[in-house]
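> The following comprises the amino acid sequence and a computationally predicted model.
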Amino acid sequence: MKKISILILTITLLSVKLSANIADFEQFVSKEIEDKTPPSASFAILKGSKVVYTKSMGYNDANMTQETNTSSVYHVFSLTKILTAVVVMQLVEEGKLSLDTSVKKFFPYLNLKYDGKFVDITILNLLNHSSGIGDRSDEVREMLFADNNDSFVELPYLPGSEAKYSSAEYIILGKIIEMVTDKEFGEVVKERILNPVGMSRSDFTYNETIADNQVYGTIPFFSLIGTVMRFMIDDSSKDFYEGCTLWLKSFDIKWKPAGGLISSIDDMAKFLSAYNSNQLFSTKTKALFDSNETVPVHSWLSSQDEVSFGIGWYHIRDKGRFFYQHQGVGPGFRTIMRIYPKLDTSIIILTSQTSIDIDDWADRLIEEIVDEKNIDNK
């Protein structure tokens, strides 16, 4: 009984400290929401596996008839990839896959070359984005389902030598999951993650349970990424312009394994809590996520000090701290998850606009809730 009281007191004191320290971040978010850049945002903070803070601000819709709350659902886009990676690693743990399994085992006519020589790619190459398969490779798409094929695709680099982000790799992983389990991808995720964790406000479509409290995405007209995103979404999913802001209707994502999940901040916090506490896999598998050899990311676009790719997660060192990260971005929404292992702290941010600087938001949030002395020297 005494231990329980001490735990409750510790969480209470931590919550009080967070409430005191997070005021500046909330003020910053409030100002952005007043300008509808974005119209709504939700965020969560975890200490270890304990969810110690969740909050939602803003409105779901342009008419501001429904306030956003912690049950409101967003497209999380590529945060879905972490769930896909978890399912793959569960299958590895069960002996149904291995990290060095050749992708040709499932797609025998996927012929790849580098420097004129045939090369193989593995499950690990797909998980850490080191296969060399790009998003817009029509030849690869045709090979995946070919009955016979004599052609090949020349890769830009030797698989495993570097990493370049590609949703195509996770779409392929989704197909492999379906082939191994003999079930549709969305159902596999529900059975293995959503239901066990209690993520009742999550799905791959706006089902009846979640449709009445959904956040509608927005795209600013005058932004580079906004221009790109407007061409990525069907006209049927565009609703109307409010000034220079395009509001979107409900829409589903076809490429579920790479970015199809719809979820709330409460549910994403439940997922990260389960992930951090090894509820979804063994400690041995968690160690693979955390410390399996990573592959360097060579990108002039990144402003962070060191970036590499591991299983599912970016491994990043920046501003004196090390963290695992994944972002999600797509028409109308931008999201982020970070885990700071030495600080035993995780954060999640979901927003309803495409073009915000989500890295800056995450940096601001972590600076509010940790002391400067807690510099991570991993």
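Received the coordinates, thanks. Residues are numbered from 1 along each chain as shown.
> Flag the shaky bits of this structure, pLDDT-wise.
Scanning the chain for pLDDT under 70 picks out 1-20, 299-303, 371-378.
> Repeat the analysis, applying 90 as the threshold.
Where the chain drops to pLDDT under 90, the residues are 1-21, 135-153, 221-244, 298-305, 319-320, 368-378.
> center of it, which residue is that?
In the chain, the centroid-proximal residue (CA atoms, centre = their mean) is residue 79; its distance is 1.3 Å.
> Show me the domain layout of this structure.
The record's domain split for the chain, according to automatic domain parsing, is 20-78+200-369, 90-186.
> Quick one: those as TSV, columns for mean neighbour count too.
In short, each C-beta sits where N, CA and C put it, glycine included. Output for those, formatted as TSV (neighbours: other CB atoms under 10 Å):
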stretch	mean neighbour count
domain 20-78+200-369	18
domain 90-186	17
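> can you put the ones you listed in TSV and add distance to residue 192?
Below are the domains of the chain laid out as TSV (distance: least, CB to CB, whole Å):
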stretch	distance to residue 192
domain 20-78+200-369	8
domain 90-186	6
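> Any idea which of these gets closest to residue 193?
Residue 193 lies closest, by CB to CB, to one member of the domains of the chain: domain 20-78+200-369, at 6.6 Å.
> Quick one: end-to-end length of stretch 100-117, please.
Using CA to CA, to the nearest Å, the end-to-end distance of stretch 100-117 comes out at 20 Å.
> circling back: and the residue nearest to the centre of the chain, how far from residue 109?
Here the criterion is CB to CB, to the nearest Å. By it, residue 79 lies 32 Å from residue 109.
> the strands in the stretch 151-300 of the chain, which residues?
Using DSSP state E, counting those that start in this stretch, the strands of the stretch 151-300 of the chain run over 153-154, 218-220, 238-242, 245-248, 262-264, 295-296.
> Out of the ones you listed, which is closest to residue 210?
Between those, strand 262-264 lies closest to residue 210; by CB to CB that is 6.8 Å.
> what helices or strands is the closest one leaning on?
For strand 262-264, the contact count by 3 or more CB pairs under 8 Å, 6 or more residues apart in numbering; DSSP states H and E identifies strand 73-75 as packing neighbours.
> Can you read off the backbone torsions of residue 44?
For residue 44, the backbone dihedrals (degrees, to the nearest 10) come out as phi -140, psi 150.
> what sits against the nearest residue to it once chain neighbours are set aside?
Of all residues not flanking residue 44 in the chain, residue 269 sits nearest, at 4.0 Å (CB to CB, 6 or more residues apart in numbering). The neighbours of residue 269, taking CB atoms under 8 Å, 6 or more residues apart in numbering as the test, are 44, 46, 51, 54, 348.
> Just the residues you listed: which are in strands?
If you go by DSSP state E, the contacts of residue 269 have 44, 46, 51, 54, 348 in strands.
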